[in-house]
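> what's the 3D shape of this:
(4 chains)
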Number of protein chains: 2
Amino acid sequence: MKIGDIAKRTGISVRTLHHYDEIGLLSPSHRTEAGHRVYGREEIVRLQQIVSLRQMAFSLEQIRELLGRSDFDAHAVVRGHIARLREQIAEQQELCARLEALEAHYASASADEFIQAIEVMTMFDKYYTKEQLDTLAKRREMFGEEKMREFQEEWPRLIAAVKEEMQRGTDPSDPKVQALAKRWMELVAAFTGGDEGIQSSVKNFYRGEPQVARQQGLDGDLSAYVQKAVASSK
Amino acid sequence: MKIGDIAKRTGISVRTLHHYDEIGLLSPSHRTEAGHRVYGREEIVRLQQIVSLRQMAFSLEQIRELLGRSDFDAHAVVRGHIARLREQIAEQQELCARLEALEAHYASASADEFIQAIEVMTMFDKYYTKEQLDTLAKRREMFGEEKMREFQEEWPRLIAAVKEEMQRGTDPSDPKVQALAKRWMELVAAFTGGDEGIQSSVKNFYRGEPQVARQQGLDGDLSAYVQKAVASSK
DNA sequence: CTTGCACCTCACGTTACGTGAGGTTTTACG
DNA sequence: CGTAAAACCTCACGTAACGTGAGGTGCAAG
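Numbering: from 1, shown residues only, chains lettered A, B, ... in the order given. Got it, this is the predicted structure:
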């Protein structure tokens, strides 16, 4: 009946019982004149209920409501709780999947490269919708790991080649430039799959993150040059 | 370069930047003489990294370690993080499944009954291992909803009948008592499936939660009486 | 010159307790 | 009955990652 007995019998810490008393969730019905808490049958029952609900991950506030009086719709509270749990699960699974993909893909990368990869991933989140990311993921699966790596290695070479022609002042309608532009658009098409939404997202991405574009050797002049080449081929 | 600009450009709140400064996660390289924070390129880059890692649900402490210097094994940190996420997901799925089962089964119950059902569930957790609970769940599936309900309705009648004989002083070897005891053991066998571990868990359960036993009309005398009847039948 | 906005530094609130600090009461033993 | 250990009490700070004022200063525009 005293707090220590309750603690031993239920496995709840004395501090926790103090806490429940403090917030008015479970207050002992009596106190000795020395101020020691005395719990009765009622309170033990209520404590069991509290513990049970806590095991179900309800907050103390929710528990107070659920036990407070049945005018609260318990089923509604539970359904809300389930909904929140579902959301959390979905989020965490998404996260987990991403981190595992990263681990698998960048297993041999340095810490810096690894963190950079995470950065790129979150940047993608900013500019692409969830559906677009799904589409891109499917496309990557379609091509397979090796193809994607080849593409990633081809881009810098292609960009460098175009830049050279541009700086040399070659006309965009020159066959050499035309060939490069054709390959350029092929790679773009392979990545975007012709999806217009994705194409505009790509543009927004490079516009919003110029430092990424710069890192890859891209800039406004270069893309304008390619645009001209493509236009003149029609 | 001033804190408000950073806040607008990155979407991070001013307070958050203050916080990161406070804990030394991201401090501006300079201050104006008035004490205004001035951020440089470096800090913006670091902030992006912080935001990215935070999106991945890393704690600020972990982020500090990851960015602190690459002597920390980033891969190990990430693997640990994944493991923790997995655990949380598993727990929440377990919880969610239980709550949904409750919702489905007690959809039309009152709040009190509902909470009591949750209590019973957590009591079971205390006395049965996970495997035993799985076994019991499978057994319930085997019998189906209706059979289980029939069993649940039969128990009180059976207990009452035995109690009557006991109070009347009927000898445990009397055919009437023998018949009741036989049915008793059949029901026990249906529930436990003859699993010895489960049988002892049941005993521990009723021993540890005497109020549940009492609520069902069970007590030491009664079970001793049944034991005698069973023994005398051999 | 004053208005208003951006900036600053406290400092409390949030969740569910853990962990002492420092003091009183009860209990057990000789 | 005296004393010492065990159990009880009330503060009160710490946790994670900020939100939200309160109250005061700096700076550019009208």
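> Just the helices from chain A, written as ranges.
For chain A, the helices defined by DSSP state H occupy A:3-10, A:14-22, A:41-55, A:60-68, A:74-105, A:111-127, A:130-168, A:175-192, A:196-208, A:210-215, A:220-232.
> Distance to B:Q227 added to those, as TSV?
C-beta here means a position set from N, CA and C on the backbone, and glycine is covered the same way. Shown next, in TSV, are the helices of chain A (distance: least, CB to CB, whole Å):
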stretch	distance to B:Q227
helix A:3-10	28
helix A:14-22	39
helix A:41-55	29
helix A:60-68	39
helix A:74-105	40
helix A:111-127	65
helix A:130-168	63
helix A:175-192	76
helix A:196-208	74
helix A:210-215	78
helix A:220-232	88
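> So which residues on chain A come close to DNA strand D?
A:2-5, A:7, A:14-15, A:18, A:35-37 (CB under 7 Å from any atom of the strand).
> how about a cut-off of 6 Å?
A:2-5, A:14, A:18, A:35-37 (CB under 6 Å from any atom of the strand).
> picking up where we left off before, going by mean pLDDT, which of the helices of chain A comes out lowest?
Mean pLDDT is lowest for helix A:210-215 out of the helices of chain A, coming in at a mean of 84.
> so what does it touch, helix or strand wise?
helix A:196-208 (3 or more CB pairs under 8 Å, 6 or more residues apart in numbering or on different chains; DSSP states H and E).
> Could you find the closest non-adjacent residue to A:V120?
Excluding the flanking residues, the one nearest A:V120 by CB to CB, 6 or more residues apart in numbering or on different chains is A:V212, at 7.9 Å.
> Among the residues of chain A next to DNA strand D, which one sits closest to DNA strand D?
A:G4 (2.3 Å; CB to the nearest atom of the strand).
> The closest one: what's it in contact with?
Neighbour list for A:G4: A:V14 [criterion: CB atoms under 8 Å, 6 or more residues apart in numbering or on different chains].
> just checking, A:Y128 touches A:Q199?
No. Using CB atoms under 8 Å as the test, A:Y128 is too far from A:Q199 to be in contact (11.4 Å).
> who's more crowded, these two?
A:Y128 (19 against 15; other CB atoms under 10 Å in any protein chain shown).
> Now do the contacts for that one.
So A:Y128 contacts A:136, A:198, A:201, A:205 (CB under 8 Å, 6+ apart).
> now with 7 Å?
Contact partners of A:Y128, counting by CB atoms under 7 Å, 6 or more residues apart in numbering or on different chains, are A:S201.
> out of the helices of chain A, nearest to B:G68?
helix A:111-127 (10.2 Å; CB to CB).
> what's that closest one in contact with?
Against helix A:111-127 from outside (CB under 7 Å, 6+ apart): A:98, A:102, A:106, A:133, A:201, A:204-205, A:208-209, B:48-49, B:51-53, B:55-56, B:66, B:70, B:74.
> Report how many residues lie close to A:V202.
A:V202 has 17 nearby residues by other CB under 10 Å.
> Please apply the same query to A:V212.
Neighbour count of A:V212, defined by other CB under 10 Å: 14.
> related to what we said a few turns ago, go ahead and build a ChimeraX selection from the buried members of the residues of chain A next to DNA strand D.
Only the buried entries of the residues of chain A next to DNA strand D go into this ChimeraX selection, using 16 or more other CB atoms under 10 Å in any protein chain shown:
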select /A:3,37
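> so what's A:C96 closest to, chain neighbours aside?
A:C96's closest residue in space is B:L85 (CB to CB, 6+ apart), at 4.7 Å.
> burial count for that neighbour?
Quick note: B:L85 (other CB under 10 Å) scores 20 neighbours.
> How about A:T135?
17.
> For DNA strand C, see how far away the closest residue to it other than its chain neighbours is.
Spatial nearest neighbour of A:T135, excluding adjacent residues (CB to CB, 6+ apart): A:D195 at 6.4 Å. Applying CB to the nearest atom of the strand, to the nearest Å, the value for A:D195 to DNA strand C is 39 Å.
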